[in-house]
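Q: I would like to see how this sequence folds:
(2 chains)
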Amino acid sequence: MPKVKHVSAKNGDVIVLVGTMKGAFVLRSNKARKKWDVGGPYSIGAPVYAMAFDQRQGRRRLWWAQQSFQWGTVLCSSDDYGKTVTEPEAYSVKFPEESKLTLKNIWQITPGRNDDPDTLYCGVEPAALFESRDAGQTWSPVEGLLNHPHRPKWQPGGGGLCLHTIVPDATNPRRMMIAISTAGAYRTDDGGATWQARNNGVRAEFLPDKHPEFGQCVHKVVQHGDRPERLFLQNHWGLYRSDDAGNSWKDIANGVPSDFGFCMAAHPHDPETVYIVPIESDQYRCTPEGKLRVYRTKNAGESWEPLTRGLPQKNANETVLRDALATDTCDPAGVYFGTRSGKVYGSSDDGKSWHVIIEGLPAVVCVKAAWVGDDGKNLPRRHRGTEKSKAVKSKAGKSRSAPRKKASAKSKSSGRARAAR
Amino acid sequence: MPITVRIPTYLASFAGGRNLLAISGSPATVSEALTALWQEYPGLRDRIVDEQGALRQHINIFVGDEAIRFAEGLLTKVPADAEVLIVPAVSGG
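A: This next block holds a predicted model:
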């Protein structure tokens, strides 16, 4: 077994969470983001498709999904960057018996808005949205989506029928966008009671009807908190922008070598700036021409520029998956991505230049980044929170959240805190 | 006589660190033995069966030398002095 190392981070540091097919890693640097310490692996041998860092209300809590071929999928957490891991005795994310569904994987973990600090969301496979209103102790499926009339017609993509993207709206606490492969994008405007397909203009190249109501293979949707009605979407063929909260989408694949790709990340401070990594498709699914290029738009998709300084431009047949590109909230912004070949690249200057943070990891499926102790001034509005919110409601949402102290006590009685394995 | 259940190292961390567990009572089937096991060690349940109560795909259970998949599944009979073996299947990549 590999030797497990730990990092500790203080306010002002930057951490990058890396989920791989063989466990989770935690990278730490100071704000210069030049030298990195590496913690992990945690959940050794387990695919980790989802990670999150919750620093609302002074927490410093890591979350990740530990998937096992044998033992199923369980949400783990740590309040000390992995040194002590809580793996609950009873799995907290699971389908109700009457659904006849069984959890295959957790693809996304998203903390809720800053003004709703005990709410978290999980996107899972088979496609469903789970919500916790007690800081992650208990979870319930959002029934409006679980019982959606389209569900019987949703088809799995290559990775399975997964809900991989969760975008709580920046200003409207009743609104949320989610994306499912291959069902497309759905939005609720009533706190999760009902969900409408929002794929108008997004093509489904692989279907006879290229513009169905749903069935698109949306790979990622991002929103900037300062301009919440504007969304960007990376599709399985197609790059889009919406200026009306997803009611309609406009093709913005202007000057990219391929409009296929998986990942997409918004700049933390500039709502016009978005990053992608185009992929050659549909058979090869590697970076075009053997060049590893991040593309950036600074004008909301009117044009895109390749970012190549420090990235290999020869024999770089790489794949960056849908959750493997992220930005931190520093200024200038840090941008990070991981490859299926086990490399993690970082930029500390908005993407102008890049360096390898670590290589030789197992295949990277998830990258998240955070500026530790960010008090919110540098965060997009979604994280700051601007109005009193009511989160998307599930059954669990009917009872208000417990204070952290109580939740912690419960965690100790029902979970297992242990030294990392 | 109580039956014994042998579990792998990963599961032992949810059973007080022990690999060999004695089940009291007289469970007649594997299903009954597992129910007794959950009562004593609740952390084992979700790791061995899914939320619909089905044995996870890549876990094998033997009663003595007999794989229950090729017998009567969870309804396989458990003799009074049997050892039930829970082992992860060879899988992964």
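
Q: so how many other residues sit close to residue B:87?
A: If you count neighbours by other Cβ atoms under 10 Å in any protein chain shown, residue B:87 ends up with 15. In this view, the C-beta of every residue, glycine as well, is placed from N, C-alpha and C.

Q: who does the helix or strand containing it pair up with?
A: Using DSSP states H and E, the element containing residue B:87 is strand B:83-88. Partner strands and pairing direction for strand B:83-88 (DSSP bridges) are strand B:3-6 (parallel), strand B:59-63 (antiparallel).

Q: let's have these in a markdown table, adding distance to residue A:177 and mean pLDDT.
A: Listed next are these as a markdown table, based on distance: least, Cβ to Cβ, whole Å; pLDDT from 0 to 100:
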| stretch | distance to residue A:177 | mean pLDDT |
| --- | --- | --- |
| strand B:3-6 | 47 | 95 |
| strand B:59-63 | 37 | 97 |
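
Q: for chain B, what lies in contact range of chain A?
A: Within chain B, the residues that sit near chain A (Cβ under 8 Å from any Cβ of the partner chain) are B:10-11, B:13-14, B:42-43, B:45-48, B:50-54, B:56, B:58-59, B:88-89, B:91-92.

Q: now, of these, which are buried?
A: With burial judged by 16 or more other Cβ atoms under 10 Å in any protein chain shown, the buried subset of the residues of chain B next to chain A is B:11, B:14, B:43, B:45, B:46, B:47, B:48, B:50, B:51, B:56, B:59, B:88.

Q: save the residues you listed as JSON lines, and put in secondary structure too.
A: Formatted as JSON lines, these follow (DSSP: H, G, I helix; E, B strand; the rest coil):
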{"residue": "B:11", "secondary structure": "helix"}
{"residue": "B:14", "secondary structure": "coil"}
{"residue": "B:43", "secondary structure": "helix"}
{"residue": "B:45", "secondary structure": "helix"}
{"residue": "B:46", "secondary structure": "helix"}
{"residue": "B:47", "secondary structure": "helix"}
{"residue": "B:48", "secondary structure": "helix"}
{"residue": "B:50", "secondary structure": "coil"}
{"residue": "B:51", "secondary structure": "coil"}
{"residue": "B:56", "secondary structure": "coil"}
{"residue": "B:59", "secondary structure": "strand"}
{"residue": "B:88", "secondary structure": "strand"}
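
Q: which pair in the residues you listed spans the largest distance?
A: Largest separation among these by Cβ to Cβ: B:51 and B:88, giving 19.1 Å.

Q: for chain B, which segments count as helices?
A: Secondary structure of chain B, counting by DSSP state H: helices at B:9-12, B:30-40, B:45-48.

Q: who does residue A:121 bridge with?
A: With DSSP bridges as the rule, residue A:121 is bridged to residue A:110, residue A:131.

Q: just checking, it touches residue A:136?
A: No: using Cβ atoms under 8 Å, residue A:121 is not in contact with residue A:136, being 10.3 Å away.

Q: by proximity to chain B, which residue of the stretch 101-250 of chain A wins?
A: Ranked by Cβ to the nearest Cβ, the top residue of the stretch 101-250 of chain A for proximity to chain B is residue A:102, at 4.4 Å.

Q: which ones are touching the spatially closest residue to that residue that is not a sequence neighbour?
A: Nearest residue to residue A:102 in three dimensions, chain neighbours excluded: residue B:50, at 4.4 Å (Cβ to Cβ, 6 or more residues apart in numbering or on different chains). Under the criterion of Cβ atoms under 8 Å, 6 or more residues apart in numbering or on different chains, the neighbours of residue B:50 are A:72, A:94, A:102, A:103, B:56.

Q: residue contacts, the fourth one?
A: Same thing as residue A:103. So residue A:103 contacts A:72, A:73, A:91, A:93, A:94, A:95, A:124, A:125, B:50, B:51 (Cβ under 8 Å, 6+ apart).

Q: same deal with the last one?
A: For residue B:56, the contacting residues are A:70, A:71, A:72, B:47, B:48, B:49, B:50, taking Cβ under 8 Å, 6+ apart as the criterion.

Q: dump those to a markdown table, plus distance to residue A:153 and pLDDT.
A: A markdown table is the format used below for the contacts of residue B:56 (distance: Cβ to Cβ, whole Å; pLDDT from 0 to 100):
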| residue | distance to residue A:153 | pLDDT |
| --- | --- | --- |
| A:70 | 32 | 93 |
| A:71 | 32 | 96 |
| A:72 | 27 | 97 |
| B:47 | 33 | 98 |
| B:48 | 33 | 97 |
| B:49 | 30 | 97 |
| B:50 | 24 | 97 |
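
Q: got CSV for the residues you listed, with distance to residue B:65 too?
A: Formatted as CSV, the contacts of residue B:56 follow (distance: Cβ to Cβ, whole Å):
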residue, distance to residue B:65
A:70, 21
A:71, 24
A:72, 27
B:47, 23
B:48, 20
B:49, 22
B:50, 26
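
Q: nearest to residue A:281, of those?
A: Nearest to residue A:281 among the contacts of residue B:56, with distances taken as Cβ to Cβ, is residue A:72, at 32.1 Å.

Q: now residue A:74: phi and psi?
A: The phi/psi pair for residue A:74 (degrees, to the nearest 10) reads phi -140, psi 140.

Q: next, count neighbours for it.
A: With other Cβ under 10 Å as criterion, residue A:74 counts 24.

Q: please apply the same query to residue A:332.
A: As a burial measure, residue A:332 scores 16 neighbours (other Cβ under 10 Å).

Q: residues touching it, list them.
A: Residues near residue A:332 by Cβ under 8 Å, 6+ apart: A:348, A:349, A:350.

Q: any chance of those in CSV, plus secondary structure?
A: Converted to CSV, the contacts of residue A:332 look like this (three-state DSSP):
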residue, secondary structure
A:348, coil
A:349, coil
A:350, coil
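
Q: and of those residues, the nearest to chain B?
A: For the contacts of residue A:332, the nearest to chain B is residue A:348 (34.6 Å; Cβ to the nearest Cβ).

Q: tell me the pLDDT at the closest one?
A: According to the prediction, residue A:348 has pLDDT 98.
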